[in-house]
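S.K.: Sequence plus predicted model, see below.
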Amino acid sequence: MPAWAGRRCSTGPVGAYKQFINWLSATKAGGWLVRSTAAHVDPWIYRRTKGRFTMAGPLTIPQLVLTTTGAKSGQPRTIQLGCLPDGEDRWYVVASNFGQEHHPAWSYNLLAHPEATVEQAGHTVAVVATLVPDEDKDALWPRLDEVVPQFTTYRTRTDRNIRIFALKGSSHG
């Protein structure tokens, strides 16, 4: 029996589906599938359905579409990410890169050009990214892991210091 099947689910079939998708994407094969396929298809589906669906079906974790400016190219770069919404016009995103040994390109983009945009549920917000200091991460990880359970697995796959960014609507100063 798969590991996800033995877990109790208090929310019925939708909760079981969410657990399965979260379990699958935390596996090496699932991570490869997400990196090679879903990462290219999901943003299109997500935008067309105004944030209600992804390639895997109904949204299982909070998502956003982040558009950064390329650190080297200066060109717009777009990626869909799981996130922790934190009030109005503020999100936390984790540069886990599925637990790979190198940081994802979008995190270098934010370090070079912190101004970006977030699209969520059909709304676009200009944001400014701030790298969360190491001393503040311990307080954030339990909240992040609750929303995106895969982060726990990704942290065990790498020894690197995984970056966390706060994205705050620029209208908030």
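M.R.: Everything's here; your move. Numbering: from 1, shown residues only.
S.K.: any chance you could map the strands in this structure?
M.R.: Secondary structure of the chain by DSSP state E: the strands cover 53-54, 57-58, 63-69, 76-82, 84-85, 90-95, 115-120, 123-131, 163-169.
S.K.: how close does the spatially most central residue of the chain sit to Leu24?
M.R.: The centroid of the chain falls nearest to Gly82 when counting by C-alpha atoms, centre = their mean (2.2 Å). Between Gly82 and Leu24 the distance is 14 Å, computed by C-beta to C-beta, to the nearest Å. (Glycine included, C-beta is placed from N, CA and C.)
S.K.: thinking again about what came up before, tabulate the strands of the chain (TSV), appending mean pLDDT and distance to Tyr108.
M.R.: Formatted as TSV, the strands of the chain follow (pLDDT from 0 to 100; distance: least, C-beta to C-beta, whole Å):
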stretch	mean pLDDT	distance to Tyr108
strand 53-54	69	25
strand 57-58	54	32
strand 63-69	92	9
strand 76-82	89	10
strand 84-85	92	21
strand 90-95	96	9
strand 115-120	94	13
strand 123-131	95	11
strand 163-169	97	10
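S.K.: Tabulate these in JSON lines, adding columns for distance to Val41.
M.R.: Listed next are these as JSON lines, based on distance: least, C-beta to C-beta, whole Å:
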{"stretch": "strand 53-54", "distance to Val41": "9"}
{"stretch": "strand 57-58", "distance to Val41": "13"}
{"stretch": "strand 63-69", "distance to Val41": "13"}
{"stretch": "strand 76-82", "distance to Val41": "10"}
{"stretch": "strand 84-85", "distance to Val41": "23"}
{"stretch": "strand 90-95", "distance to Val41": "20"}
{"stretch": "strand 115-120", "distance to Val41": "16"}
{"stretch": "strand 123-131", "distance to Val41": "20"}
{"stretch": "strand 163-169", "distance to Val41": "23"}
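S.K.: among the ones you listed, which is nearest Ser107?
M.R.: Proximity to Ser107, assessed across those by C-beta to C-beta, is greatest for strand 90-95 (3.8 Å).
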